[in-house]
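[1] Dropping a prediction and its sequence here:
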Amino acid sequence: MWGPGGALVLANGRSDVEKLCVFMQKALPDRTVEFYHGMLEDSARTMIQDNFLRGTIDILVATAASFGTGVNMPLVEQVIVVGMPMSIQTVVQIIGRGGRNGQQYRVDFFVKEGDMVKNNIMFVKENKDKSNCSRAHIQHYVQQKYNLEIVERVLYNTENKEDCQLNTVIHGANAVRQVLNVPFASLSQMKKMNMKVRRIDRAKWDSILRTWYLPPLASNAGVSRTWGVSTTNLPHTHVDPCQKCRNCQRHCQAPRTVRDALNIP
């Protein structure tokens, strides 16, 4: 269990922050829990921030965008994220908000399927007016779409894969989609091949750019090899396992010499 000033809970919206704060105050009556977001008065935000940094607040519930990006928080031992971050850059910032005094710390993401659906609905609403075909509009659209797809993929990989979680985030931060060139005559064949892989690895249709593509980090070798025209998914550079994340600790407990003997990467 974390100590004073040791837990930072982050959510996407102000209402979620306040609800989480009330819930945690009831669930943890022996802990001091406060909330922080952009609608508070400046004096209140300053006081709450100072109290959290000193450790007189045990748990701070805040909006991800409003607190902690440039604040030195030496006491934080656990960062808890409720809801789906909107970009991989946000994920990287969140990971960097703990352990700033060299201590071990945890980062936990709690994301429901409904969070992904909600984000996609918001994305569609923001881009509903397709009459604006300016280059700036298209670039903004593509970047937003990348953000959602990369975050979904990274969270999926870190939860369900045996790979080092830190490496997955690093690779996700550099990955982009792979454009496909699928002739109409081959569309049925592509769709059949597409259904044989996991949902998250399937090729998708972009209605604005009017092209099929593979999402960032998607593993769909058949479709990629047959119809891929721009291999923009960057190759994974080798990075040693961090030995600290849950996956590394779960799968890499054997001594290095034993793992080598068994040909375990």
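    Thanks, I have the structure now. Numbers count the residues shown, from 1 in each chain.

[2] Residue 205 - how many residues pack around it?
    For residue 205, the count of nearby residues is 11 (other Cβ atoms under 10 Å). Any C-beta I mention is one placed from the backbone N, CA and C, and that applies to glycine too.

[3] partners of it in the sheet?
    residue 212 (DSSP bridges).

[4] Tell me the pLDDT of it.
    Residue 205 carries a pLDDT value of 89.

[5] now residue 235
    49.

[6] Mind jotting down where the strands sit in this structure?
    7-11, 33-36, 59-63, 78-82, 106-110, 178-180, 204-206, 211-214, 228-230 (DSSP state E).

[7] Any idea which of these gets closest to residue 242?
    strand 106-110 (12.3 Å; Cβ to Cβ).

[8] Just the buried residues of the closest one, please?
    107, 109 (16 or more other Cβ atoms under 10 Å).

[9] re earlier: please tabulate the strands of the chain in CSV and include distance to residue 98 as additional columns.
    Below are the strands of the chain laid out as CSV (distance: least, Cβ to Cβ, whole Å):
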stretch, distance to residue 98
strand 7-11, 7
strand 33-36, 16
strand 59-63, 12
strand 78-82, 5
strand 106-110, 6
strand 178-180, 34
strand 204-206, 34
strand 211-214, 33
strand 228-230, 38
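
[10] Out of the ones you listed, which gets the lowest mean score?
    Across the strands of the chain, strand 228-230 gives the lowest mean pLDDT, at a mean of 76.

[11] need the contact list for the residue nearest the centre of the chain.
    The residue lying closest to the centre of the chain (Cα atoms, centre = their mean) is residue 151, at 3.9 Å. The contact partners of residue 151, by Cβ atoms under 8 Å, 6 or more residues apart in numbering, come to 84, 85, 86, 87, 88, 90, 91, 172.

[12] and what of residue 242?
    Residue 242 neighbours (Cβ under 8 Å, 6+ apart): 164, 165, 166, 167, 248.

[13] Now with 7 Å, please.
    164, 166, 248 (Cβ atoms under 7 Å, 6 or more residues apart in numbering).

[14] now, among the residues you listed, which is nearest to residue 58?
    Nearest to residue 58 among the contacts of residue 242, with distances taken as Cβ to Cβ, is residue 166, at 27.2 Å.

[15] Please tell me the pLDDT value assigned to that closest one.
    78.

[16] count of residues packed around it?
    Residue 166 has 18 nearby residues by other Cβ under 10 Å.

[17] Can you name the residues that contact it?
    242, 245.

[18] Distance-wise, check it relative to residue 83.
    Residue 166 sits 22 Å away from residue 83, going by Cβ to Cβ, to the nearest Å.

[19] For stretch 105-116, list the C-alpha coordinates in CSV.
    What follows is stretch 105-116, C-alpha atoms only, in CSV (Å, rounded to 0.1, in the frame of the first residue of the first chain):
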residue,chain,number,x,y,z
TYR,A,105,6.1,2.4,-8.5
ARG,A,106,3.1,1.0,-10.3
VAL,A,107,0.9,2.3,-13.1
ASP,A,108,-2.5,0.7,-13.6
PHE,A,109,-5.0,1.3,-16.4
PHE,A,110,-8.7,0.6,-15.9
VAL,A,111,-10.4,0.7,-19.3
LYS,A,112,-13.7,-0.8,-20.3
GLU,A,113,-14.9,-1.7,-23.7
GLY,A,114,-17.4,1.1,-23.3
ASP,A,115,-14.6,3.7,-22.9
MET,A,116,-13.2,2.8,-26.4
